[in-house]
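Visitor: Just a sequence and a predicted model for now, questions to come.
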Amino acid sequence: MLFNIFMIEKIKSNFEKNLKGALAEQLTKELFFKAGYEVFYYGVEHLVPGFMSRTEKKNRDYHHKTNNVISNLPDFLVIKNGKSYYVETKFRMNGKFTLKPNYPFPDAYIIVFTKDNILIEIAKEISSKKPLKPLNENNLFEFENEAIEACIELLKKYFKE
């Protein structure tokens, strides 16, 4: 009986984690669409479905250059006015985020959704000593403040501690 309860909690936890990530990706997609960008799914789960399950986790060589690049593909490629950007989306309840060592996309923008904010930074600028900036303080992508605020309201509604 105890094993079943443990398994149910683990399944529930994975489901909630996936749900938070899916909402963060959808909100990212909507922000870019609303700002006039073409948005393309680019992550490993879209370009190489099943890649992560094709090898046993204990045998996966993350130091192998090709594996490292494929397993770290940013979630989106966004394009507007002839300029393209890689965008990686994450959800972190507390807003704390660190990159894996040897992250192969230093020019990717990392957008982190929290329970009550949206943060952004270019990958090469992320460090443990420097906090990510609120999205509404970074005008690079020309998101409307109303769109950002609408996303933050959804985060507050669905992701209470």
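Guide: Looks like it arrived, so ask away.

Visitor: CA atoms for contacts and neighbours, from now on please.
Guide: Will do.

Visitor: Could you pull out the buried residues of stretch 150-157?
Guide: The neighbour-count criterion (16 or more other Cα atoms under 10 Å) identifies 151-152, 155 as the buried residues of stretch 150-157.

Visitor: right, and the helix or strand after the one helix or strand in the chain whose mean pLDDT sits lowest?
Guide: Among the secondary structure pieces of the chain, namely its helices and strands, helix 65-71 has the lowest mean (mean pLDDT, DSSP states H and E), a mean of 72. Beyond helix 65-71 in the direction of the C-terminus, DSSP states H and E gives the next helix or strand as strand 76-80.

Visitor: mind listing what's buried in the helix or strand following that following strand?
Guide: Past strand 76-80, heading to the C-terminal end, the next element that is a helix or strand (DSSP H and E) is strand 83-91. By neighbour count with 16+ other Cα under 10 Å, strand 83-91 contains the buried residues 85-91.

Visitor: quick one: the strands in this structure?
Guide: Listed in chain order, the strands of the chain (DSSP state E) span residues 38-41, 76-80, 83-91, 109-113, 118-122, 133-134.

Visitor: Of all these, which one is nearest L47?
Guide: strand 38-41 (8.0 Å; Cα to Cα).

Visitor: Which strands and helices lie in contact with the closest one?
Guide: If contacts are counted by 3 or more Cα pairs under 8 Å, 6 or more residues apart in numbering; DSSP states H and E, strand 38-41 sits against helix 2-34, strand 76-80.
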